[in-house]
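Chemist: Build me a model from this:
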Amino acid sequence: MIQIENLTKRYGSFTAVNDISFTARSGRVTGFLGPNGAGKSTAMRMMVGLTTPTSGTARVLGRDYRSLPTPTRHVGVMLDATAQHPGRSGRETLALASAMAGMPRGSVEAALERVGLTPREADRRVGNYSLGMRQRLGLAGALVGDPQVLILDEPANGLDPAGIRWMRGLLRDYAADGGTVLLSSHLLHEVEQIAQDLVMIGRGRIVAQGTKEELLRGGGTIVGSPDRVRLTEALQRAEHQVTARPQGDLVTSATAEEVARLALAEQVLVTELRSASDGGLEDIFLQLTADDAREGVTEGAAA
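Modeler: Below is the predicted model of the structure:
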């Protein structure tokens, strides 16, 4: 289990993570979603002791990560699969991680097999790996200590469709065996396929969290109309929330029936009317984070 309580990180006058709280539960996969620069990477770095919080706490298995005895035996971490020594072979990289975790020699071969790296691939220098192979090696490093918790930043980046399906099955099985998985990703469709719980963050704040089913049910209604101004005013007078989307339509907290009744009363033409959940997680994500995206700011620079 991962418990985040009022976690905050400031850099001078800039607040990268602003008072976030959530729990990633055992036996479940939790998706951690947000636009570039939203604060995901900074939050994950605080969870594993790489960045010191300004305030708040991040507890893994009930303790601060740095206070865990041999942390890699309890928590598998992959934050940047490209940050591997290019001159070492994959097997050497994994052997070092295994030794640091105090694992027996056989754990290296077991981890390589688990992530689908062949003996020939394992003996190649990491500098000659594709991004997908680096992702597999990074995941092997996270798993080599046989941890109870996995914290993964963009684990599907660089994987082909078959690799993404493989990773989906691996993480599902890991959670089904009682493990805790927290993963960040911009591949919303893949997160929708694998995650049971979702935490959405924008400008350092949590904008929504809950089970996938709860968020999909509460996604609101998408409305298209050539007279968006009048329809928006009518919805707001009825105390419904309304947001204009870049696609040119509106998303509102009103139900489809409520929108239809208001449009009829106001004699406003409606050209589209559907539940936001029909578009899946992507529509809800864009709706909730539209005002929180930082154009031109990268996650690494500001998150």
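Chemist: Check residue 279 and give its pLDDT.
Modeler: On pLDDT, residue 279 comes in at 60.
Chemist: What's the first helix or strand after the helix ranked longest in the chain?
Modeler: When the chain is scanned for its longest helix (criterion: DSSP state H), the result is helix 161-176. As assigned by DSSP states H and E, the chain's next helix or strand after helix 161-176 is strand 180-184.
Chemist: residues in contact with the helix or strand just after that following strand?
Modeler: Next along the chain after strand 180-184, taking DSSP H and E as the criterion, comes helix 188-194. Contacts with helix 188-194, where a contact means CB atoms under 8 Å, 6 or more residues apart in numbering, come from 29, 31, 33, 156, 164, 168, 171-172, 183, 185, 198, 212, 280-282, 285. For every residue, glycine as well, the C-beta is placed using N, CA and C.
Chemist: Give me the below-cutoff pLDDT ranges for this structure.
Modeler: 217-219, 246-247, 276-284, 286-303 (pLDDT under 70).
Chemist: show me where it has strands.
Modeler: 2-11, 14-24, 29-33, 55-60, 63-64, 75-78, 149-153, 180-184, 197-202, 205-211, 221-224, 242-244, 250-252, 272-275 (DSSP state E).
Chemist: got JSON lines for those, with distance to residue 91 and mean neighbour count too?
Modeler: Output for the strands of the chain, formatted as JSON lines (distance: least, CB to CB, whole Å; neighbours: other CB atoms under 10 Å):
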{"stretch": "strand 2-11", "distance to residue 91": "30", "mean neighbour count": "17"}
{"stretch": "strand 14-24", "distance to residue 91": "31", "mean neighbour count": "19"}
{"stretch": "strand 29-33", "distance to residue 91": "29", "mean neighbour count": "26"}
{"stretch": "strand 55-60", "distance to residue 91": "28", "mean neighbour count": "18"}
{"stretch": "strand 63-64", "distance to residue 91": "32", "mean neighbour count": "12"}
{"stretch": "strand 75-78", "distance to residue 91": "18", "mean neighbour count": "24"}
{"stretch": "strand 149-153", "distance to residue 91": "22", "mean neighbour count": "24"}
{"stretch": "strand 180-184", "distance to residue 91": "25", "mean neighbour count": "25"}
{"stretch": "strand 197-202", "distance to residue 91": "35", "mean neighbour count": "24"}
{"stretch": "strand 205-211", "distance to residue 91": "40", "mean neighbour count": "18"}
{"stretch": "strand 221-224", "distance to residue 91": "51", "mean neighbour count": "23"}
{"stretch": "strand 242-244", "distance to residue 91": "51", "mean neighbour count": "16"}
{"stretch": "strand 250-252", "distance to residue 91": "50", "mean neighbour count": "23"}
{"stretch": "strand 272-275", "distance to residue 91": "50", "mean neighbour count": "14"}
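Chemist: a markdown table please, covering the ones you listed and showing distance to residue 262.
Modeler: Shown next, in a markdown table, are the strands of the chain (distance: least, CB to CB, whole Å):
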| stretch | distance to residue 262 |
| --- | --- |
| strand 2-11 | 39 |
| strand 14-24 | 35 |
| strand 29-33 | 31 |
| strand 55-60 | 42 |
| strand 63-64 | 52 |
| strand 75-78 | 49 |
| strand 149-153 | 43 |
| strand 180-184 | 38 |
| strand 197-202 | 28 |
| strand 205-211 | 25 |
| strand 221-224 | 10 |
| strand 242-244 | 11 |
| strand 250-252 | 10 |
| strand 272-275 | 11 |
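Chemist: if I look at residue 33, how far off is residue 43?
Modeler: 12 Å (CB to CB, to the nearest Å).
Chemist: that older thread, the strands of the chain: which one's closest to residue 105?
Modeler: strand 75-78 (18.7 Å; CB to CB).
Chemist: mind listing what the closest one pairs with, with the direction of each?
Modeler: strand 149-153 (parallel) (DSSP bridges).
Chemist: Export only the CA atoms of the strand it pairs with, formatted as PDB.
Modeler: In PDB, the C-alpha atoms belonging to strand 149-153 read as follows (Å, rounded to 0.1, in the frame of the first residue of the first chain):
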ATOM      1  CA  VAL A 149       5.000  -2.600  -4.400                       C
ATOM      2  CA  LEU A 150       5.800  -1.300  -7.900                       C
ATOM      3  CA  ILE A 151       6.100   2.400  -8.700                       C
ATOM      4  CA  LEU A 152       6.400   2.800 -12.500                       C
ATOM      5  CA  ASP A 153       6.700   6.000 -14.500                       C
END
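Chemist: Might you calculate how far it sits from the centre of the chain?
Modeler: When distances are taken as CA atoms, centre = their mean, to the nearest Å, strand 149-153 is centred 10 Å away from the chain's centroid.
Chemist: Stretch 84-96 too?
Modeler: Centre to centre, stretch against its chain (CA atoms, centre = their mean), the figure for stretch 84-96 is 27 Å.
Chemist: Kind regards, and thank you for your time.
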